[in-house]
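Q: give me a model of this one.
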Amino acid sequence: MQFTTLSRGLTLSALGLSLLAGSAFAADATAAQDHKSLHKEHAEERKEHRAFHHLSDHGQKAMVEIVDAQHLLAAGQDEKAIPALNAALSHLDLAAKAREQFTAAEADLHPAPQHPLPKNHTVAGPTDWIPVGGEVIATTELEPAKKSAIATANAQLKAGQTDQAAQTLQIVGQDIDFVIALAPLSQLQGYVNRALIFAQGHHPEAAAVALNDAIDSLVFVSETVVTEATTATQK
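A: Reported below is the predicted structural model:
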């Protein structure tokens, strides 16, 4: 009888240890899964921030000023466009001194399929490029909330608000690609200078044409192209 009781006690103890061990393993598995999910979230966030770090701060600001000047010229307000054009040139001068620029022939850039080059685009040889903007593109069909987040992030990127865009994209996850707009630095400066001269001479239509040429000079490429080009430049 004692043996039976003892045996039953040992069996219950073993069962208790088994249940305890099972709970511990389950807890470890849950913790590991949580850690994996957290790591994935951080990796996705790093991906967004890494892509945005390619962008030239002054290059982005120059494009914001160029677009503002474009709107003013379209309204015939050439005098009001002059400060925006001067600001754009100042930002381009500063962008030329920053680390984000790199030298490459346009033929080596491989434009993104989502943004084919305009028919009147002039192909540039080896020149200095600066990343002046970006666009987030969904790689899969997304739910409405995530589509809305991408649209908001793209609007923020056009306004030069990269930190806010990265924050907005946190709900989207990793189902996105990042396309970067590259500007041929000296060519862009030439177009903006031309627009400024026309605006100062009260020729808003001609100034607007110069800024259209500036926009058409942009080449959109994948983030990988910029990463490889900047890495090669820094070596």
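
Q: contacting residues around His203?
A: Asp78 (C-beta atoms under 8 Å, 6 or more residues apart in numbering). (C-beta placed from N, C-alpha, C; glycine too.)

Q: the helices in this structure, which residues?
A: 2-52, 57-74, 78-97, 144-158, 162-168, 185-200, 204-216, 223-234 (DSSP state H).

Q: what comes up buried for stretch 132-142?
A: Of the residues in stretch 132-142, Val132, Gly133, Gly134, Glu135, Val136, Ile137, Leu142 count as buried by neighbour count, 16 or more other C-beta atoms under 10 Å.

Q: now those in CSV, with distance to Asp57?
A: Below are the buried residues of stretch 132-142 laid out as CSV (distance: C-beta to C-beta, whole Å):
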residue, distance to Asp57
Val132, 10
Gly133, 12
Gly134, 13
Glu135, 17
Val136, 18
Ile137, 22
Leu142, 29
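
Q: for the longest strand anywhere in the chain, C-alpha coordinates in CSV please.
A: Looking across the chain with DSSP state E, the single longest strand is strand 127-138. Provided in CSV are the C-alpha atoms of strand 127-138 (Å, rounded to 0.1, in the frame of the first residue of the first chain):
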residue,chain,number,x,y,z
THR,A,127,28.0,62.9,-64.4
ASP,A,128,27.3,63.7,-60.7
TRP,A,129,23.9,62.6,-59.4
ILE,A,130,22.1,63.5,-56.3
PRO,A,131,19.1,61.6,-54.8
VAL,A,132,16.4,64.4,-54.6
GLY,A,133,13.3,62.4,-53.9
GLY,A,134,11.7,59.0,-53.5
GLU,A,135,8.5,57.0,-54.0
VAL,A,136,7.2,54.0,-52.1
ILE,A,137,5.6,51.3,-54.3
ALA,A,138,3.5,48.4,-53.0
